[in-house]
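Trainee: Sequence and predicted structure, then a few things I'm wondering about:
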Amino acid sequence: MANLVVHFEIHASEPQRLVDFYTSLFDWRFTQFGDYPYWMIETGEEAIGNVDARPGLGINGGLTQREGPAPTADAPVKGCNIVVGVDDADAIFARAVELGAIEAVPLEDTEGVGRTASLIDPDGNVFGIISPVMSDGTRAM
């Protein structure tokens, strides 16, 4: 397993707010690591790190207490941007906005890639979504 991304972390000023956001949006499961302000994130049954997972289908991560102020709206991205594979980009995008996210890059179709968008979660973190299904119902890949 060389050079694979196997874990991600989201920093949160108010951890419970983002636990609720990502649970409602993607059905991720969060488990607090002891008494520490750190939560393990299980993104799905086929993610790397789960017992019966097939490698390459996804990864799990963590959510940690932010050390310092949240990024301002006009700040450059500081940290890594995660992209989440979804079945219906339009529905997830709408649900994210309903849950408090802000559009960073609008939904768009890209041949050979899929339907993508970027959002800013309620704590100022950028994340992307991608679906292989284009707006006209055809598959990009």
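Mentor: Cool, got the structure.
Trainee: Check Leu25 and give its pLDDT.
Mentor: Leu25 is assigned 97 on the pLDDT scale.
Trainee: pretty sure it is touching Ile92, no?
Mentor: Yes: counting by C-beta atoms under 8 Å, Leu25 does reach Ile92; the two are 6.9 Å apart. Glycine gets a C-beta too; all of them are placed from N, C-alpha and C.
Trainee: Next SSE downstream of the lengthiest strand in the chain?
Mentor: Under DSSP state E, the strand in the chain containing the largest number of residues is strand 102-110. Counting by DSSP states H and E, the next helix or strand C-terminal to strand 102-110 is strand 114-120.
Trainee: who touches Tyr85 in this structure?
Mentor: Not Tyr; residue 85 is Gly. 58, 129-131 (C-beta atoms under 8 Å, 6 or more residues apart in numbering).
Trainee: By pLDDT, give me the weakest of these.
Mentor: Scanning these for pLDDT, the low point is Gly58. It has 82.
Trainee: Return stretch 71-81 as CSV; C-alpha atoms alone will do.
Mentor: Included here for stretch 71-81 are C-alpha records, laid out as CSV according to Å, rounded to 0.1, in the frame of the first residue of the first chain:
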residue,chain,number,x,y,z
PRO,A,71,-10.5,30.4,8.1
THR,A,72,-12.1,33.7,7.0
ALA,A,73,-14.3,33.7,3.9
ASP,A,74,-11.6,35.4,1.8
ALA,A,75,-8.7,33.3,3.2
PRO,A,76,-6.8,30.8,0.9
VAL,A,77,-7.4,27.1,1.6
LYS,A,78,-5.2,26.1,4.5
GLY,A,79,-5.0,22.3,4.7
CYS,A,80,-6.3,19.7,2.3
ASN,A,81,-9.5,19.7,0.4
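Trainee: Off-centre distance for that stretch?
Mentor: 15 Å (C-alpha atoms, centre = their mean, to the nearest Å).
Trainee: and it, which residues are buried?
Mentor: Residues of stretch 71-81 classed as buried by neighbour count (16 or more other C-beta atoms under 10 Å): Pro71.
Trainee: circling back to that earlier point, between the contacts of Gly85, which sits nearest Gln32?
Mentor: Distance ranking of the contacts of Gly85 against Gln32, using C-beta to C-beta, places Gly58 first at 21.6 Å.
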